[in-house]
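Enquirer: Kindly return the folded structure for what I paste below:
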Amino acid sequence: MKSFAIVAALLLATATVPAAIAQDKHSWDNLLRVKAKKMDAVYLLPQADFRGYTKVMLDPTQVAMRKDWKRDRNNETVGIFEDVTDRDVTRILTEARTGFEKLLREAYTKAGYQIVTEPAADVLRIETAVVDIDVEAPDTMSAGMTRVYTHEAGGAVLVVEARDSVTGAVLGRAVDGDTTGDLGPYLRNRATNTGEFEQLFSHWAKVSVDGLAELKQLSPVDAQGRLAKR
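Expert: Predicted coordinates:
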């Protein structure tokens with residue numbers, strides 16, 4: 001998990017998602033960056049073969065807020081709302097972790113994959129991180145009557161890494177940054193924020209499952225023939 005933690009840390013160090021993607025090289029841990037339609041960046045191991053994987057191990061999802069999110073939120077709303085506390089941050093991260101893990105598990109189960117906890121030759125290990133989490137108007141559950149309206153609930157960056165569960169070899173990695181749906185000026189509270197982030201997480205879970213299905217069809221992966229534009 002050490003290398004994956006470093007990946008998430010590097011993404012957190014960037015100011016925006018586009019900047020993070022722009023700084024990516026065309027190879028990453030012997031993976032080649034290939035053309036991608038549903039993710040900002042996808043890296044694959046040349047000749048990786050995903051056809052034999054019929055089960056998955058889903059590691060606990062790593063989560064992290066956008067750098068300086070708490071400070072920025074409190075500076076922007078000084079004298080208007082109650083400050084965001086460490087307890088609020090912990091709650092947001094816990095809800096993000098449990099919510100995404102639930103939707104990811106449901107997506108793989110629905111697609112027919114058995115979810116296991118032990119490595120085997122037919123088991124693909126999936127590591128995920130939801131980082132750079134930015135909640136536009138966090139609900140601090142204050143007693144005041146102030147109402148907040150924003151276009152989006154916020155955004156985040158997803159990192160997905162696929163490994164052979166036995167050898168630990170990295171077969172692929174994908175990165176995607178997105179915001180929640182633009183509903184126009186909309187009242188923000190804990191329920192609406194949760195609902196919009198659930199939609200984003202559900203989309204990412206489906207993209208992860210669909211991506212594995214596509215990789216199975218393309219195996220063994222001709223990464224050289226699918227190189228992204230330099």
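Enquirer: Does Ala48 touch Pro220 like I think?
Expert: Yes - using Cβ atoms under 8 Å, Ala48 is in contact with Pro220, at 6.7 Å. Just so you know, the C-beta spots here come from the backbone N, C-alpha and C atoms, and that holds for glycine as well.
Enquirer: more crowded one of the two?
Expert: Using other Cβ atoms under 10 Å as the criterion, Ala48 and Pro220 rank with Ala48 on top: 19 against 12.
Enquirer: Now do the strands in this structure.
Expert: For the chain, applying DSSP state E gives strands covering 27-28, 31-34, 41-44, 55-58, 62-65, 114-115, 123-135, 148-150, 154-164, 170-179, 186-188.
Enquirer: Quick one, which of those strands gets closest to Val84.
Expert: With Cβ to Cβ, the closest approach to Val84 among the strands of the chain belongs to strand 123-135: 8.9 Å.
Enquirer: for that closest one, packing partners?
Expert: Secondary-structure packing of strand 123-135 (3 or more Cβ pairs under 8 Å, 6 or more residues apart in numbering; DSSP states H and E): helix 2-12, strand 55-58, strand 62-65, helix 69-76, helix 86-110, strand 154-164, helix 190-218.
Enquirer: where's it relative to the chain centroid, distance-wise?
Expert: With Cα atoms, centre = their mean, to the nearest Å as the basis, strand 123-135 stands 4 Å off its chain's centre.
Enquirer: hang on, the earlier thing: got JSON lines for the strands of the chain, with distance to Asp83, mean pLDDT and mean neighbour count too?
Expert: Shown next, in JSON lines, are these (distance: least, Cβ to Cβ, whole Å; pLDDT from 0 to 100; neighbours: other Cβ atoms under 10 Å):
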{"stretch": "strand 27-28", "distance to Asp83": "39", "mean pLDDT": "72", "mean neighbour count": "13"}
{"stretch": "strand 31-34", "distance to Asp83": "41", "mean pLDDT": "90", "mean neighbour count": "20"}
{"stretch": "strand 41-44", "distance to Asp83": "36", "mean pLDDT": "92", "mean neighbour count": "23"}
{"stretch": "strand 55-58", "distance to Asp83": "35", "mean pLDDT": "98", "mean neighbour count": "19"}
{"stretch": "strand 62-65", "distance to Asp83": "15", "mean pLDDT": "93", "mean neighbour count": "20"}
{"stretch": "strand 114-115", "distance to Asp83": "40", "mean pLDDT": "98", "mean neighbour count": "12"}
{"stretch": "strand 123-135", "distance to Asp83": "14", "mean pLDDT": "94", "mean neighbour count": "23"}
{"stretch": "strand 148-150", "distance to Asp83": "15", "mean pLDDT": "42", "mean neighbour count": "15"}
{"stretch": "strand 154-164", "distance to Asp83": "18", "mean pLDDT": "93", "mean neighbour count": "23"}
{"stretch": "strand 170-179", "distance to Asp83": "24", "mean pLDDT": "92", "mean neighbour count": "21"}
{"stretch": "strand 186-188", "distance to Asp83": "17", "mean pLDDT": "49", "mean neighbour count": "16"}
